[in-house]
Each structure stands twice: as C-alpha cells, then as structure tokens.
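Participant: Pasted the sequence and its predicted model underneath.
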Amino acid sequence: MSVVPANIESEILAAGSAEHRRLLGRFFLDTHVEYVPEQMQWPALAEEELGRLRGLPFWQEAVSTENVTSNTVAAAAVLEDDPLVRKAIELQGFEEMRHARLLIALTSHYRIPVEPPPRFAPRSLESDFLFAGFGECFDSFFAFGLFALARESGFFPPALVKVFEPVMQEEARHILFFVNWVKYRRSQLAWWRRPAFRLRCGWIILKQVASRVQTARSMGKPQPAGAGASENFTLTAHQELGAGITLHRLLGLCLAENERRMADYDTRLERPRLVPRIARILFRVIPAGI
Ligand SMILES: [Fe+2]
Ligand SMILES: [Fe+2]
C-alpha cells in the first residue's frame, strides 16, 4: 500500500495506460493476505453467544453468494489478455472461494446447518462478472457498517471479529479493484463500443438497485413461505445485529467504515462512488430517529 497525496497523482494516470494497468494488478496482488480457513482456531463461545450466532438467518445465503461470486470471478479471468490483470482476477476468485470455505468451516465448527452449494457456471463471462462486481459494491458497503455494528454492540465476540476482519478488508479491495477494472476495460474498447458498455453497466446497476429497493420495501412485512427472505442479507441484517439501531445511524456507520477501509490504498485508484453517494443523500434526508 502507498499513501500518495490525492489530486496530485490522481489526474496523471490515464485509464488504460501501461501505468494504470500495472497499478491495477500490482495493488491487488501486493495487498493479498495469507490465511487458511481450514486451519483457523475457532474461539470457544458461551452458550448465549452460540445461540445468537446460530439464530442468524443468513448463513446459507452468505455461502451461496460467495460460491456464485467466486465461480463467476474465477471464470472471468480469461477475459483478460494482460497477464498481471488476469492474475489479479484469478486471485480475487481464489479469495472469494476462501470466503465460502471460511463460512463453511465456521458453520461446521459451530454446528450451523448449511448445504454446500453446487458449482455455479456463469452464462456470460463479462455480464456475470459485471453483475457480481456491482452487486459487491452494494453488499460490501453495507457489510462494512454491519460488521462495525456487530463489533460495537458485542454481538460478535472480539475473537470472531478478529477472524472476519481480513474478509471485510478483502471485500474493500475487491470493490476498489472492480471499479478500476471497469474503467480499464472500457478504455480497452474501440471508441464506438464504449457507449454500449456504459449502457450495459448502467442497466446492471439499475437491476441491482431494483433488487435492493424490493428487499427494503419487503422489510418488516411477513415473508411468504419459501421466499428468499435472506436475499440481500446485508440490507436486513441490522435488525439482527444491533437492537434499536436506526437506519440513519447505520448509514452513518457504513459511510465512515467505507472511508476508513479505503484510506490506505494508492490514491491514484478511483474509489467506488455510486453507493456512498446514494447513502450520503439518504443520510441527509432521513431524520436521525428513523
Ligand atoms: Fe466475498
Ligand atoms: Fe468480494
């Protein structure tokens, strides 16, 4: 990681230049952290802590999401001609699979029933990668705040917080890599293909927003049997993790945590802007008591 003054270097790197491509790949590879989920020392939990952990409704959904994302990302590596960028995408696929492995290790250790999901085969390498990436931009932003909430409220004991801290930071790296990859990818296209690429990205973002609006609207309403009540679990999990937390405070936490987690990376990399921008608007318009 390097801390370079913003606004000095940030305007120098042209999207798609050799330096931009090198920075994109190097930042990701150089900030990778080693750990083996299967060798994790899981802390002993008190009966009450165990009950709270087992009561969370999203374990299956979390494992499935990581499985889909890891298979999608790993498959998308072949889209890249550049060996460094391809290696970075392969590494992201490995890290996503490691998230699924960590969740499976946790749930098996604490005897939380979770079905190992089947291997996911993406239908369209680029579109599925874009869909997963933009989805992560939403999910990770909310996960940062929820994780801080679980830490502050003592919902997760400190030893478990320590285990999942690298996962959270990996998600920050993933979305930072993704938004810069989108910029890089667009710059590699012929000028006449760029508008269609922008449109496709816009359409995928709209689909991700629509899915979350639907979840937000259904919150608090009874779920029909068999409905995916735990879908978009980063939106609904605050109800479980922190009693009495307001949406206003959660948004504030997400914004602060997002800023903190992005702070140490090279400032020549563009930060994810869309989701923090939406959250900042909501934070301003939603009254503090809600
Ligand atoms: Fe992940
Ligand atoms: Fe990720």
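Facilitator: Great, that's in hand. Ligands and ions are numbered 1, 2, ... in the order given.

Participant: Quick check, the residue in the stretch 51-200 of the chain closest to ligand 2?
Facilitator: H174 (3.5 Å; Cβ to the ion). Every residue, glycine included, has its C-beta placed from N, CA and C.

Participant: Just after the helix or strand where that residue lies, pick out the following helix or strand.
Facilitator: For H174, the element it lies in under DSSP states H and E is helix 158-188. Downstream of helix 158-188, the next assigned helix or strand under DSSP H and E is helix 194-218.

Participant: returning to that earlier point: figure out how far the helix holding H174 is from the centre of its chain.
Facilitator: Here the centre of helix 158-188 is set off from its chain's centre by 6 Å, with Cα atoms, centre = their mean, to the nearest Å.

Participant: how deep is N67 tucked in, by neighbour count?
Facilitator: By other Cβ atoms under 10 Å, 22 other residues sit near N67.

Participant: In the stretch 1-150 of the chain, where is pLDDT below threshold?
Facilitator: 1-12 (pLDDT under 70).

Participant: What's the local residue count around the residue of the stretch 51-200 of the chain closest to ligand 2?
Facilitator: The number of residues near H174, taken as other Cβ under 10 Å, comes to 22.

Participant: What separation is there between it and E96?
Facilitator: 8 Å (Cβ to Cβ, to the nearest Å).

Participant: Is it correct that E171 is in contact with F141?
Facilitator: No - counting by Cβ atoms under 8 Å, E171 sits too far from F141 to count as a contact (9.2 Å).

Participant: quick one: which of the two has more around it?
Facilitator: F141 (26 against 22).

Participant: count of residues packed around the residue lying closest to that one once chain neighbours are set aside?
Facilitator: In space, not counting the residues next to it along the chain, F141 is nearest to V275; the distance is 4.5 Å by Cβ to Cβ, 6 or more residues apart in numbering. By the criterion of other Cβ under 10 Å, V275 has 23 neighbours.

Participant: and the residue of the stretch 1-150 of the chain nearest ligand 1?
Facilitator: For the stretch 1-150 of the chain, Cβ to the ion, closest residue to ligand 1: H99, 3.8 Å.

Participant: In terms of helices and strands, where is that residue?
Facilitator: helix 83-109.

Participant: and the angle for that helix with helix 158-188?
Facilitator: 150 degrees (axes from the mean of the first three to the mean of the last three Cα atoms, to 10 degrees).

Participant: How far does helix 83-109 sit from its chain's centre?
Facilitator: The answer for helix 83-109 is 12 Å, by Cα atoms, centre = their mean.

Participant: Ok, stretch 121-130 next?
Facilitator: 17 Å.

Participant: need the next SSE after the helix holding H99, C-terminal direction.
Facilitator: Past helix 83-109, the next helix or strand by DSSP H and E is helix 125-153.

Participant: how near is A263 to ligand 2?
Facilitator: 19 Å (Cβ to the ion, to the nearest Å).

Participant: Run a quick neighbour tally on that residue.
Facilitator: A263: 12 neighbours (other Cβ under 10 Å).

Participant: Tell me if I'm right that the residue nearest to F141 and C137 touch.
Facilitator: Yes - in terms of Cβ under 8 Å, V275 counts as a neighbour of C137; the distance is 5.3 Å.

Participant: about what we covered before: quick one: mean pLDDT over the helix holding H174.
Facilitator: Helix 158-188 shows a mean pLDDT of 95.

Participant: which SS state does A44 fall under?
Facilitator: coil (DSSP: H, G, I helix; E, B strand; the rest coil).

Participant: So it versus L160, what's the distance?
Facilitator: Distance from A44 to L160, by Cβ to Cβ: 11 Å.

Participant: Between those two, which is the more surrounded one?
Facilitator: L160 (19 against 8).
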